[in-house]
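> Fold the stuff below for me.
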Amino acid sequence: MSKMLESIKKIVKEYKFQILLIVLISIAICLFDQLTKWLAVYFLGPLEEIASSEELPTQIGNSVEIIPGFLSFTLLTNNGAAFGLGSGTMIARVLFIIISWLVFLGVPVFLIFYYKKYNHKISIINLISLILIYGGNLGNLIDRTFFWTNPCGVIDFIDISDLIPGFGVFNIADSAVVLGVVVLIISLIIDIFKGDDKDNKEKEELKEIKKENANNSSNLVENDSIASRTNDDGKEVSNK
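Model (predicted):
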């Protein structure tokens, strides 16, 4: 346990600026997400419960068209996953709460052990993806954990179903998480290509080394052959 704490202290000390950046900007994203949700509730409310057989109700408010054919603000609550996915059952909501908390608590622990084991440096693109995912997850985590009456569930209001029919209503937190995942995928692709380039360079360097060693060996054999002939000629002259 003491070794683990020492490792954590060492990593926190080494990456204190990056950690501070992740925490502050993640909190800023979360606060902005919460602000926009409550502005949506204020201007598009009140929320009315939709009659259904689900354990947890879906609530809906008003809808305002912002950009015709592209963007509307439609207020509703969601007890499932992001973008209005998932059922409104108690089991589903509790499951999503557990997953959100695991991400919230597990990501720092994973990063600590990952960077300790592989001595990996946090790149700018990794930093951006972590901030977006962490901040977005925190925004929805608050809704899922604490909003059980009115509103009940995660507050969504961004609606682009006019542009993409059937696309779920979402919020700033959902957008941040998705954008963070996209940035993370781009980062992984870049790392793969960098790894391929590094492997190719190492192969080329290995070929050059082998070629140089082969040339050196050839030169040594040739020198030995010349020396051998010289010695033989010297012996012959001496015998005569």
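
> Which secondary structure state does L20 sit in?
Here L20 is recorded as helix under DSSP: H, G, I helix; E, B strand; the rest coil.

> Show the contacting residues for it.
Contact criterion Cβ atoms under 8 Å, 6 or more residues apart in numbering gives no residues in contact with L20. Backbone N, C-alpha and C define where each C-beta goes, glycine included.

> Can you pull out the residues in contact with stretch 182-197?
Identification of contacts with stretch 182-197 by Cβ under 8 Å, 6+ apart yields 123, 125-126, 128-129, 132-133.

> mind running it again at 10 Å?
Here stretch 182-197 makes contact (Cβ atoms under 10 Å, 6 or more residues apart in numbering) with 123-133.

> can you tell me which of these are in helices?
Using DSSP state H, the subset of the contacts of stretch 182-197 located in helices is 124-133.

> what's the lowest-pLDDT member of the contacts of stretch 182-197?
By pLDDT, S123 ranks lowest within the contacts of stretch 182-197, coming in at 74.

> ok, so what distance separates that residue from V12?
19 Å (Cβ to Cβ, to the nearest Å).

> and what of P108?
For P108, the distance to V12 - Cβ to Cβ - is 10 Å.

> if we can go back for a sec, dump the contacts of stretch 182-197 to TSV, plus neighbour count and distance to I185.
Shown next, in TSV, are the contacts of stretch 182-197 (neighbours: other Cβ atoms under 10 Å; distance: Cβ to Cβ, whole Å):
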residue	neighbour count	distance to I185
S123	12	14
I124	9	16
I125	15	11
N126	18	12
L127	17	15
I128	19	13
S129	21	9
L130	22	13
I131	22	16
L132	24	12
I133	22	12
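
> There's contact between I128 and S26 in this structure, I believe.
No. Between I128 and S26 there is no contact under Cβ atoms under 10 Å: 11.4 Å.

> For the closest residue in space to L71 that isn't next to it in sequence, which residues are in contact?
In this structure, L71 finds its nearest non-sequential neighbour in I160, 5.8 Å apart by Cβ to Cβ, 6 or more residues apart in numbering. By Cβ under 10 Å, 6+ apart, I160 lies in contact with 67, 69-72, 74, 167-170.

> Kindly write the PyMOL command that selects the buried subset of those.
Buried members of those can be picked out in PyMOL with the line below, counting by 16 or more other Cβ atoms under 10 Å:
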select buried, resi 72+74+168+169+170
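
> Looking at the contacts of I160, which are in strands?
67, 71-72, 74 (DSSP state E).

> Would you format the residues you listed as JSON lines with pLDDT included?
As requested, the ones in strands among the contacts of I160 are arranged in JSON lines below (pLDDT from 0 to 100):
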{"residue": "I67", "pLDDT": "94"}
{"residue": "L71", "pLDDT": "95"}
{"residue": "S72", "pLDDT": "96"}
{"residue": "T74", "pLDDT": "96"}
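
> for the residues you listed, which one is nearest I50?
T74 (13.1 Å; Cβ to Cβ).
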